[in-house]
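Peer 1: Here's my sequence, what's the structure:
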Amino acid sequence: MSEPVRPAPPVLDLDQSASAAAYEPAPVLEGEGGKAGRFWSVRRVPAGLLAIVLLGCAGLLLYDIAAVRAGRPAMQWRRATAQQLAKWRLEDVGVLACAGAVMLLGVILIVLAVTPGLRALLPMRRRTAAVRAGLDREAAAQVLRDRAMEVSGVQSARVRTGRAKVSVRAQSHFRELDDVRADLDSALATAIRELGLARPPALAVHVTRPPAKKR
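Peer 2: The predicted structure follows:
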């Protein structure tokens with residue numbers, strides 16, 4: 001007698017982890033798609049340049065200090081710097097200018113450290129905690145421009161996509177301007193929702209007639 005066929009086990013929605021033999025369910029975020037913050041820039045170039053400058057200055061200063069400890073005279077630049085600093089006063093223009101430049105550099109470094117950067121990348125809604133996606137602002141503008149050109153009566157369109165607002169300037173060579181703008185509002189609002197952005201931007205549409213050609 002043949003053995004009874006056992007039913008196959010149900011297939012689960014699994015997400016592969018770091019190990020090829022270990023699987024665990026992918027966590028699903030609650031709500032429409034979960035919160036998605038902006039992408040942070042690693043800023044390798046500013047950090048690398050600052051590290052090189054600080055490393056060079058620290059190495060030169062430590063070498064000079066070690067040379068003085070060994071009984072050798074200090075370097076000429078260090079003696080000249082000490083003499084110049086002894087002559088300067090706090091109210092001198094040069095001292096105030098140097099202090100302002102150093103303060104400005106410090107403010108710039110602080111701003112770079114506490115701001116995300118990558119303003120051209122718009123975060124998209126997250127379906128799972130393990131996946132993050134972003135959409136380039138120029139790509140989003142191109143998609144919205146193509147959708148605007150599909151509206152009847154639109155001759156040309158310019159789309160500017162920001163993080164909080166989408167500005168559309170279109171020219172219509174026929175149909176009433178109010179009708180064209182209403183169709184653009186509806187079509188572009190739908191297109192913005194279909195982009196799947198975490199924070200859908202506001203929409204501003206301006207429709208005008210093309211300039212008359214001079215004879």
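
Peer 1: mind checking pLDDT for residue 59?
Peer 2: pLDDT, residue 59: 90.

Peer 1: repeat for residue 108
Peer 2: Residue 108 is given a pLDDT of 87.

Peer 1: helix/strand/coil for it?
Peer 2: Of the three states, residue 108 takes helix under DSSP: H, G, I helix; E, B strand; the rest coil.

Peer 1: any idea how far residue 41 is from it?
Peer 2: 14 Å (C-beta to C-beta, to the nearest Å). Quick note: C-beta positions are derived from backbone N, CA and C, even for glycine.

Peer 1: So these two - more neighbours on which side?
Peer 2: Ranked by neighbour count (other C-beta atoms under 10 Å), residue 108 and residue 41 place residue 41 first, with 14 against 11.

Peer 1: Domain ranges for this protein, per the record?
Peer 2: According to automatic domain parsing, the chain comprises the domains 44-114, 135-208.

Peer 1: and these, which is most packed in?
Peer 2: domain 135-208 (a mean of 16; mean count of other C-beta atoms under 10 Å).

Peer 1: After the lengthiest helix in the chain, which helix or strand is next?
Peer 2: The longest helix of the chain (DSSP state H) is helix 44-69. Sequence order places helix 76-87 as the next helix or strand after helix 44-69, per DSSP states H and E.
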